[in-house]
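> Sequence and predicted structure are below.
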Amino acid sequence: MTHFLSFAIPGIPYGFVYALVAVGLVLTYKTSGVFNMAFAAQAYVSAAIYYGAVSQHHLSKWVGFVLAVVVAGPALGYVLDRLLFRHMRTAPTVVKLITGLGLLIGIPSIVQFFWPGQHQNPPSLSPKPNAVYHFGSYHIDGNQLVVIVAVLVVMAGLGVLFRFTALGLKMRAVVESPRMVELAGINADRVSSFAWMLSGFLAALAGVLLAPYYANIDATNFIALLVAAIAAAVFAGLASLPLALAGGLFLGIFQQVLTGYLPLNSIWATALRPSFPFIVLVLLLLFWPLVRRRREAGDPLAGVDPPPPALAASLRGATLDRLTTIIFPIFIVAYIGITLFLVPTHWLFLLTQGIVYATIFLSITALTGMSGQISLCQASFAGLGAFTAGQLATEFNINVIVALLIGGAVAAAAGALVAIPTLRLRGLYLALATLAFALLASNLLFPQSWLGNGDTGVNVPRPPGFNGNRAFFLLAMAVFAVCAVVVILVRKGTVGRYLSAMRGSQVAAETIGINPARAKITIFALSAGIAGVGGAMFGSLQGTTSGGDYNVFFSILWIVLVLTTGVRTVEGAVNAGIALVLVPELLSDLGGTSVFSFLGNRVTALSFFLFGIGALTYAKHPEGAVEFNKRRSLLWIAAWLDRRAGREPTAGVADAATLARGQAPALELSGDGQAVADGPAPVVPERSPHPGGP
């Protein structure tokens with residue numbers, strides 16, 4: 001027992017911090033209907049503010065605490081609720097999720113833009129962090145003591161708030177049933193705002209308390225904290241605050257106990273301990289009764305995911321179809337020719353990198369674009385393909401092209417293995433499960449010498465005959481074209497139609513004989529296989545690749561970027577890939593000028609800020625920026641052709657100006673109760689017989 005307690009006591013501070021974050025997650029989820037994926041960003045911001053106040057401006061620790069935790073934390077929580085999440089209570093799950101993920105990328109980038117550099121050795125709240133305090137035969141240091149005391153005080157305050165105050169009673173009521181509270185005459189929005197402020201305070205406190213345990217303040221560390229706390233929140237069924245407290249405390253203690261019973265300096269001790277919360281999260285999502293009951297119960301008044309709008313290509317008339325058929329091949333040939341013979345070597349490499357990224361992003365087009373499900377482990381599949389290809393080519397002398405294909409096949413098999421246990425999960429729960437899988441891959445698989453080889457990485461040679469940048473560009477274009485054709489054919493084929501039906505209603509799809517399990521496993525495997533091929537191409541382009549190229553941050557960034565540009569079309573993947581490489585390069589060139597010289601080492605932060613904040617447009621334009629502008633352009637062209645032909649514009653064309661302003665035609669109810677557009681029926685002439693488009 002003594003041996004057990006000697007390991008359990010150091011885990012109490014971790015458990016308390018996990019409990020803080022879990023309580024904050026449950027509060028915001030139950031009061032606003034939003035699972036706050038930006039919680040880690042809130043913790044990071046307050047930790048950075050505390051660091052700047054104490055270490056850079058040499059203010060006292062208590063002044064830094066007030067600025068970072070008491071002021072900045074609640075203020076940021078209130079702003080997020082007032083400007084964004086208050087208006088998303090009934091929004092589709094994917095809109096809430098992508099908005100949170102965008103903020104998770106964008107908010108830390110603001111801090112990194114104004115305070116660039118490494119924030120090393122974060123200070124502790126304790127006046128004597130290295131002092132040792134003995135309690136019988138056990139001891140803790142000053143930093144651990146301040147964490148325990150601070151969290152106990154906060155938990156006692158929460159207990160008083162919820163049990164003995166009118167506001168606490170209202171919050172408990174909102175947590176139980178927001179709609180019943182509104183019927184009782186209570187302003188649920190005001191209560192929700194206070195809950196977000198309280199949640200922001202908890203996030204800030206967690207960030208400041210946990211920062212000294214890291215060598216430097218890094219946003220990625222706080223993502224791992226978020227996922228660990230999510231496990232505690234899931235243990236609570238995303239509903240019970242006491243269970244969230246208990247789950248966080250248990251998780252922190254057991255994580256430290258695990259360290260004591262594992263072999264020292266082994267891969268299990270170094271990799272399994274930090275991965276333990278992720279394993280627990282997966283197991284809870286799959287088997288915990290509270291989660292299963294919540295999935296099955298649902299909320300009949302919650303937001304319903306609307307069917308996606310038709311692709312913009314469906315608006316093309318026969319004339320535009322013929323023009324597209326003629327112009328598109330000419331454009332591709334011209335693009336390849338200009339890139340090969342006129343573009344400098346440096347820009348050629350960047351464009352090739354963009355095409356390789358576009359290949360990886362096609363995996364998101366396949367999975368999310370067809371099924372509407374969010375996977376946050378696509379970067380892990382890309383890394384698996386890259387490492388497999390590199391190991392086969394260098395260790396077993398297998399032809400690089402063959403190794404690339406095998407890498408894709410291994411990634412596809414891994415995708416199927418991930419899909420099988422998660423068949424019952426959808427929406428938020430599937431996103432959380434794949435996030436846990438991504439962290440497991442980064443911590444357990446990629447450090448292994450037989451796969452990712454840790455920080456050293458793996459060499460991935462270029463195929464014979466494609467060593468030059470121009471030759472490799474042609475190979476990248478060919479691989480992308482093949483993957484794009486596969487995605488288009490699947491979308492138009494049986495699996496694509498099954499997924500489209502399931503996206504509208506899985507229950508209805510099952511009643512007409514569709515097998516959802518087969519369709520889900522197929523699309524997961526296909527998506528992972530494409531990501532694996534793209535990852536192998538990326539490794540081959542770079543020459544050497546390591547696990548840092550495929551960590552969970554990139555999975556989040558990629559899904560946000562692709563959904564922002566357009567997840568249902570090949571064009572969206574292309575634009576996302578090109579933007580990912582060209583935006584930082586163009587900003588870097590801009591920073592080389594005298595006017596914008598202040599950019600300097602802030603280019604990456606500004607790029608990620610633009611990518612993250614761009615996700616906020618998804619709520620208004622879920623079809624993506626590319627599809628929205630493509631639809632607007634096609635309607636304008638159709639209107640111009642109508643005028644040239646002396647015809648009256650149809651309703652669909654007449655609404656071009658309205659759509660250009662981001663508005664929809666007004667709806668009214670007809671006599672039979674059906675919703676119809678305000679005006680004549682939207683008929684588009686000369687509709688293409690091939691609405692899918694490229």
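Received the coordinates, thanks. Numbering: from 1, shown residues only.
> and residue 451, what is it in contact with?
Each residue near residue 451 by C-beta atoms under 8 Å, 6 or more residues apart in numbering is listed here: 384, 387-388, 391, 445, 458. The C-beta positions use only the backbone N, C-alpha and C, and glycine is treated the same way.
> roughly how far is stretch 638-648 from the heart of the chain?
Computed by C-alpha atoms, centre = their mean, to the nearest Å, the chain-centroid distance of stretch 638-648 equals 43 Å.
> Could I get the buried residue list for that stretch?
638-639, 641-642 (16 or more other C-beta atoms under 10 Å).
> Any chance of a markdown table for the contacts of residue 451, columns distance to residue 133?
Listed next are those as a markdown table, based on distance: C-beta to C-beta, whole Å:
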| residue | distance to residue 133 |
| --- | --- |
| 384 | 46 |
| 387 | 46 |
| 388 | 50 |
| 391 | 49 |
| 445 | 39 |
| 458 | 46 |
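> If we only consider the residues you listed, which is nearest to residue 410?
residue 388 (4.6 Å; C-beta to C-beta).
> hang on, isn't the closest one packed against residue 413?
No - applying C-beta atoms under 8 Å as the test, residue 388 and residue 413 come out as separate, 10.3 Å apart.
> that older thread, helices - which of the buried residues of stretch 638-648 land there?
Using DSSP state H, the subset of these located in helices is 638-639, 641-642.
> Dump the residues you listed into JSON lines; add distance to residue 541 and pLDDT as well.
Shown next, in JSON lines, are those (distance: C-beta to C-beta, whole Å; pLDDT from 0 to 100):
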{"residue": "638", "distance to residue 541": "40", "pLDDT": "75"}
{"residue": "639", "distance to residue 541": "43", "pLDDT": "78"}
{"residue": "641", "distance to residue 541": "42", "pLDDT": "73"}
{"residue": "642", "distance to residue 541": "46", "pLDDT": "73"}
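> Most widely separated two among the residues you listed?
Greatest spatial distance among those (C-beta to C-beta): 639 and 641, at 7.4 Å.
> residue contacts, residue 473?
339-340, 348, 351-352, 355.
> quick one: pLDDT of residue 545?
What the model reports as pLDDT for residue 545 is 94.
> Low-confidence regions, the stretch 51-200 of the chain specifically.
Where the stretch 51-200 of the chain drops to pLDDT under 70, the residues are 118, 174-179.
> Tell me, how many residues neighbour residue 376?
By other C-beta atoms under 10 Å, the residues close to residue 376 number 24.
> Make sure it is indeed in a helix.
No - secondary structure of residue 376 (DSSP: H, G, I helix; E, B strand; the rest coil): coil, not part of a helix.
> hang on, isn't it packed against residue 428?
No - the criterion here is C-beta under 8 Å, and residue 376 misses it with residue 428 at 11.2 Å.
> so which of the contacts of residue 473 is the most crowded?
residue 355 (25 neighbours).
> From residue 335, how far off is that one?
For residue 355, the distance to residue 335 (C-beta to C-beta, to the nearest Å) stands at 11 Å.
> What segments of the stretch 1-150 of the chain are strands?
Ranges of strands in the stretch 1-150 of the chain, per DSSP state E, counting those that start in this stretch, are 132-135, 138-141.
> between residue 388 and residue 413, who's got more neighbours?
residue 388 (26 against 15).
> Which strand or helix spans the more buried one?
Remark: residue 388 resides in helix 378-395, with elements defined by DSSP states H and E.
> Show me what that helix packs onto, helices and strands only.
helix 345-371, helix 400-419, helix 427-440, strand 458-459, helix 516-542, strand 544-545, helix 552-565 (3 or more C-beta pairs under 8 Å, 6 or more residues apart in numbering; DSSP states H and E).
> can you rerun that using 6 Å?
For helix 378-395, the packing partners by 3 or more C-beta pairs under 6 Å, 6 or more residues apart in numbering; DSSP states H and E come out as helix 345-371, helix 400-419, strand 458-459, helix 516-542, helix 552-565.
> right, so of the ones you listed, which gets closest to residue 327?
Going by C-beta to C-beta, the one of the helices and strands packed on helix 378-395 nearest residue 327 is helix 345-371, 20.3 Å.
> How far away from the center of its chain is the closest one?
Helix 345-371 has its C-alpha centroid displaced from the chain centroid by 17 Å (C-alpha atoms, centre = their mean).
> Which residues belonging to that helix are considered buried?
Using 16+ other C-beta under 10 Å as the burial criterion, the residues of helix 345-371 that qualify are 348-371.
> what's near enough to touch the residue most central in space within the chain?
Centroid-nearest residue in the chain: residue 556, 3.2 Å away (criterion: C-alpha atoms, centre = their mean). By C-beta atoms under 6 Å, 6 or more residues apart in numbering, the contact set of residue 556 is residue 101.
> Residue 409 versus that one, what's the distance?
Distance, residue 556 to residue 409, using C-beta to C-beta: 26 Å.
> and the angle for the strand or helix carrying residue 281 with helix 427-440?
For residue 281, the element it lies in under DSSP H and E is helix 273-287. Angle of helix 273-287 versus helix 427-440, following axes from the mean of the first three to the mean of the last three C-alpha atoms, to 10 degrees, is 150 degrees.
> Could you chop the chain up by domain?
2-297, 358-554, 624-643+652-694 (automatic domain parsing).
> so which of those comes closest to residue 611?
domain 2-297 (6.2 Å).
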